[in-house]
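Student: 3D model of this:
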Amino acid sequence: RGFVVALHGIQSHGGWYEYSCQRMCDAGYDVLFVDRRGSGENAARRGDAPHGDRLINDVVHVLVEVRRRRDRVDPQIPVVLLAVSWGGKLAAITAARRPELVEALALLYPGLCSRVRPTSLQRARLWLARKLDIRHKRIEIPLNDPALFTAEPRWQEFIRHDPLVLRDVTSGFLLAHQDLTRESLAAAPLIRCPTLLMLAGRDRIIDNAATKDWSRRLGTREFTLHEYPDVQHTLEFEPHPEQFVTDLLEWLATNSCQKMASGVPGTSPITSPPR
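Tutor: Predicted structure coming up:
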């Protein structure tokens, strides 16, 4: 029914999202959840990135390979780029830069507009790091409280003891983060494929109001918004994640049918709730 390429957040990895991935696979989708370089099971240069373009190029490379595989199966099957949290930066930029690689874009509580921001002193240190090209200093990610991700005690324990969680990054990664943030915020008008946005109402990491403002500048009218008022950041770790996955599958099915019917991405309108 479709190929889904998924990107995780700054600390997480593909192993956090087994439930939703299994549901998508059961529904007939081929799902590839990519662990970002230096994250998850990728042990080399943990938490490092030479520059933002390196991370974008990684996503592009995966999409190109997935599309080659798709073309051998059926060129009419859509390729969907899905991202959670920080991965939303990479997904938004990729969809804007390389629209020919993505038939649809799903952004789940994307890290485009963050409520967790560096202090003035931290910004000054990053400015100095850029000026002096200091790229290998280790810096703790300011999200090491599992309660920021979920209120569920068992999932908090999972996060707390997960050996694959990324706890710190290099100054080079944070400089790439700054560059990616600027570009992703400017990317909205260049995103013209059908786009899904899912937000957690009690999110303490993502600025939902600013994210919705960003979505109003999207270059597509094929936009779907789902808000879950009583849940926290990681929808996967809520007591009843069935609802958000069902909504995701319905959106995927709608866009899969459109692609198969038209053969051209973005030509058939869908009904979207008001923004």
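
Student: assign a three-state SS to residue 38, would you?
Tutor: For residue 38, the secondary-structure state derived from DSSP: H, G, I helix; E, B strand; the rest coil is coil.

Student: gap between it and residue 256?
Tutor: 33 Å (CB to CB, to the nearest Å). Glycine gets a C-beta too; all of them are placed from N, C-alpha and C.

Student: and residue 204, what element?
Tutor: According to DSSP states H and E, residue 204 maps onto no helix or strand at all.

Student: ok, now which ones touch the nearest residue to residue 239 once chain neighbours are set aside?
Tutor: Leaving aside its sequence neighbours, residue 239 sits nearest to residue 152 (CB to CB, 6 or more residues apart in numbering; 6.3 Å). Applying CB atoms under 8 Å, 6 or more residues apart in numbering, we find residue 152 in contact with 237-239.

Student: more neighbours: which of residue 38 and residue 256?
Tutor: Neighbours per residue, other CB atoms under 10 Å: of residue 38 and residue 256, the larger number sits with residue 256, 21 against 18.

Student: correct me if wrong, but the more buried one is in a strand.
Tutor: No: counting by three-state DSSP, residue 256 is not found in a strand; it is helix.

Student: right, and it touches residue 2 too?
Tutor: Yes: using CB atoms under 8 Å, residue 256 makes contact with residue 2 at a distance of 4.7 Å.

Student: what touches both of these two?
Tutor: In contact with both residue 256 and residue 2: 77-78, using CB under 8 Å, 6+ apart.

Student: please, which helix or strand holds the residue nearest to the spatial centre of the chain?
Tutor: Geometric centre of the chain, nearest residue: residue 83, 2.2 Å, by CA atoms, centre = their mean. For residue 83, the element it lies in under DSSP H and E is strand 79-84.

Student: show me the helices in the chain, by range?
Tutor: Ranges of helices within the chain are 18-26, 52-73, 87-97, 120-132, 153-161, 171-186, 208-215, 242-262, based on DSSP state H.

Student: want to try JSON lines for those, with distance to residue 224 and mean pLDDT as columns?
Tutor: Converted to JSON lines, these look like this (distance: least, CB to CB, whole Å; pLDDT from 0 to 100):
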{"stretch": "helix 18-26", "distance to residue 224": "17", "mean pLDDT": "98"}
{"stretch": "helix 52-73", "distance to residue 224": "22", "mean pLDDT": "97"}
{"stretch": "helix 87-97", "distance to residue 224": "15", "mean pLDDT": "99"}
{"stretch": "helix 120-132", "distance to residue 224": "35", "mean pLDDT": "85"}
{"stretch": "helix 153-161", "distance to residue 224": "27", "mean pLDDT": "97"}
{"stretch": "helix 171-186", "distance to residue 224": "19", "mean pLDDT": "97"}
{"stretch": "helix 208-215", "distance to residue 224": "10", "mean pLDDT": "98"}
{"stretch": "helix 242-262", "distance to residue 224": "6", "mean pLDDT": "84"}
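
Student: out of those, nearest to residue 8?
Tutor: Proximity to residue 8 (CB to CB) singles out helix 87-97 among the helices of the chain, at 5.4 Å.
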